[in-house]
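# Curious how this folds, go ahead:
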Amino acid sequence: MKIDWKRKLTSRKLWLALSGLVSGLIVACGGSESWAKEIGGLIMAAASVVGYLIAEGLVDAENAQYIDEEIEQKPHGEK
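Numbers count the residues shown, from 1 in each chain. Next comes the predicted model:
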């Protein structure tokens, strides 16, 4: 079975679970709740950036494929 990493890395559930795990570990290891909240917020901010970058990469790849198809369909020398 092939793992769809693009889908996994843009999953809000994954990032919420990771944020909850890290925040819980911080509190369990004696860290303050405010520090755990800050770290959880940073993880969610990073998730937003990762999701945006992957989405833009997919859009750019689709546009590049469209442009390539347009170039191939035009007669030689036509702009």
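# hey, let's count contacts and neighbours off CA atoms from now on
Noted.
# what about residue 45, how many neighbours?
For residue 45, the tally of surrounding residues (other Cα atoms under 10 Å) stands at 13.
# Next one: it from residue 11, what distance?
Counting by Cα to Cα, to the nearest Å, the separation of residue 45 from residue 11 is 13 Å.
# Give me the three-state assignment for residue 30.
Under DSSP: H, G, I helix; E, B strand; the rest coil, residue 30 falls in the coil class.
# most residues in a single helix of the chain, which one?
Taking DSSP state H as the assignment, the helix of the chain that covers the most residues is helix 33-73.
# Next, the buried residues of the strand or helix carrying residue 19.
Residue 19 is located in helix 12-28, with elements delineated by DSSP states H and E. When neighbours are counted by 16 or more other Cα atoms under 10 Å, the buried residues of helix 12-28 are found to be 15, 16, 19, 20, 22, 23, 24, 26.
# Run a quick check on the fifth one versus residue 41, I expect a contact.
No - between residue 22 and residue 41 no contact is recorded; they are 10.8 Å apart, counting by Cα atoms under 8 Å.
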